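> 3D model of this:
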Amino acid sequence: MPEIFVAGVGMTPFGRLSEHDVKSLTRWAVSDAIRDAGVELRDIEVAYFANAAQGHMEGQHMIRGQVALRAMGISGIPVINVENACASASTALNLAVNALKAGQADIALAVGAEKMVSADKTLMFGIFESAWDVATVERNKAALIRLGRLVEVPPGSMSDKPYSVFMDVYAAFARDHMHRYGTTRRQMAVVSSKNHEHSVHNPLAQFQKRFTVEEVLAAPPIAYPLTLPMCAPVSDGAAAAIVITGEGLRRLGASRSRAIRVLASVLRTGTDRTENEPEDHCTVHAARRAYELAGISPADISVAEVHDATAMGEIIQIENLQLANRGEGGVISERGDTQVGGRIPVNPSGGLESKGHPIGATGLAQIYELVAQLRGEAGRRQVSGARIGVAENGGGVIGVEEAVATVTVLGT
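Numbers count the residues shown, from 1 in each chain. From the prediction side, this is the model:
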């Protein structure tokens with residue numbers, strides 16, 4: 001099996017980028033990744049383009065990658081469009097890695113780009129309405145109510161403004177976790193405060209503002225127990241990675257010293273399980289397989305980027321990744337283990353909560369951060385001695401878990 005490397009990464013700032021469209025965001029991220037890898041546009045042999053919202057937002061339901069990449073001069077090669085909800089970009093990376101392992105190419109591009117911000121809030125938040133089974137919407141809602149029923153929702157703790165249906169999903173997950181394990185709202189606020197603190201040192205983050213734990217708790221409510229700073233914003237942005245075999249590096253004379261090894265890339269989909277079977281979560285199975293392929297254990301992880309669409313998401317996913325015991329994600333967060341300088345730093349980028357969440361680009365933004373960390377190029381958010389990083393990226397929901405999850409392990 002050939003060695004696979006991430007040779008270059010690129011990322012735009014995330015946020016409200018009204019002056020850019022999908023084409024210009026794609027050009028920006030891909031051009032930076034190519035420059036970072038020390039290769040040329042003509043060297044790319046296959047491209048995987050991730051996008052989840054352009055059909056809904058602009059009516060570009062098909063050939064999104066061909067349109068966006070042709071505009072910057074990429075044509076004549078295989079271009080594959082990837083939609084896997086919020087896990088689209090990590091799925092694009094997974095496909096690129098597997099293509100190289102199969103010997104189909106030596107150099108592949110994975111890129112995700114998204115334009116989501118709109119003055120029309122109904123249109124904007126409507127993006128998320130198709131990330132679950134649209135044929136069973138009432139059944140979906142009933143399952144969420146049942147999941148969170150054992151924790152009382154205080155009066156005035158639900159927003160009367162439009163927001164993503166996935167905040168209701170995460171709120172139900174949070175209330176179930178609170179009842180089941182004793183996780184507290186304050187622990188969620190600690191996660192949020194930590195991530196906003198990390199983002200202060202990330203110039204590409206959508207938000208670069210500190211929030212104390214008390215400020216997070218006192219912020220406007222979204223869906224109990226979640227407040228505004230605990231939730232990822234709607235964002236525009238793009239991220240890209242140049243993936244290359246060891247032979248490709250040698251052939252092009254590209255620098256191996258800054259190339260980061262892909263130790264594992266695993267994709268799993270959910271199953272028909274109940275909330276009483278957390279050990280069968282799709283991320284748990286993906287993580288176990290990823291660690292097996294990488295030849296490591298959770299104790300070997302130096303730094304993690306996880307899908308914190310809400311602060312509760314981070315708590316759940318560090319448990320699924322076995323970075324915390326089941327039910328103790330909030331405990332280790334409150335103890336300080338997950339901050340930069342702690343035992344296992346999580347989301348030094350600021351995470352989705354403050355870095356931003358352009359859903360078709362998010363998974364590759366996680367890879368951008370891990371590559372910076374493993375190269376020792378993360379500046380004031382650098383994790384000391386980082387050698388192995390893990391990224392978890394989930395998308396959609398069916399039943400009581402994500403519809404799809406990817407786990408990627410990178411190493412020096």
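> all contacts plus neighbour counts: C-alpha atoms, from now on.
OK.
> Can I get the helix or strand that contains Arg268 as CSV, trimmed to CA atoms?
Arg268 is part of strand 260-269 when elements are defined by DSSP states H and E. Taking C-alpha atoms only, strand 260-269 is exported to CSV below (Å, rounded to 0.1, in the frame of the first residue of the first chain):
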residue,chain,number,x,y,z
ILE,A,260,2.1,15.2,6.7
ARG,A,261,1.3,11.5,6.5
VAL,A,262,-2.3,10.2,6.3
LEU,A,263,-2.3,7.4,8.8
ALA,A,264,-6.0,6.6,8.4
SER,A,265,-9.1,7.9,6.7
VAL,A,266,-12.3,6.1,7.7
LEU,A,267,-15.9,6.7,6.7
ARG,A,268,-18.9,5.1,8.4
THR,A,269,-22.7,5.6,8.3
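> helices or strands up against it?
strand 4-11, helix 88-101, helix 282-294, helix 362-375, strand 404-411 (3 or more Cα pairs under 8 Å, 6 or more residues apart in numbering; DSSP states H and E).
> can we see that at 6 Å?
strand 4-11, helix 282-294, strand 404-411 (3 or more Cα pairs under 6 Å, 6 or more residues apart in numbering; DSSP states H and E).
> Using TSV, please lay out the ones you listed together with mean neighbour count and mean pLDDT.
As requested, these are exported to TSV (neighbours: other Cα atoms under 10 Å; pLDDT from 0 to 100):
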stretch	mean neighbour count	mean pLDDT
strand 4-11	27	98
helix 282-294	21	98
strand 404-411	26	98
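> how about the ones you listed, which one is nearest Asn320?
helix 282-294 (4.9 Å; Cα to Cα).
> Quick one: distance of that closest one to the chain centre.
Put simply, helix 282-294 sits 17 Å off its chain's centre (Cα atoms, centre = their mean, to the nearest Å).
> likewise stretch 92-99?
Taking Cα atoms, centre = their mean, the mean C-alpha location of stretch 92-99 is offset from the chain mean by 16 Å.
> Show me the contact partners of it.
Under the contact criterion Cα atoms under 6 Å, 6 or more residues apart in numbering, stretch 92-99 has outside partners Tyr48, Ala108, Ala110, Ser265.
> Just among these, which is most surrounded?
Counting by other Cα atoms under 10 Å, Ala110 has the largest number of neighbours within those, with 31 neighbours.
> Checking the residue lying closest to that one once chain neighbours are set aside next. Helix, strand or coil?
Nearest residue to Ala110, sequence neighbours excluded (Cα to Cα, 6 or more residues apart in numbering): Tyr48, at 4.9 Å. Put simply, Tyr48 is strand when judged by DSSP: H, G, I helix; E, B strand; the rest coil.
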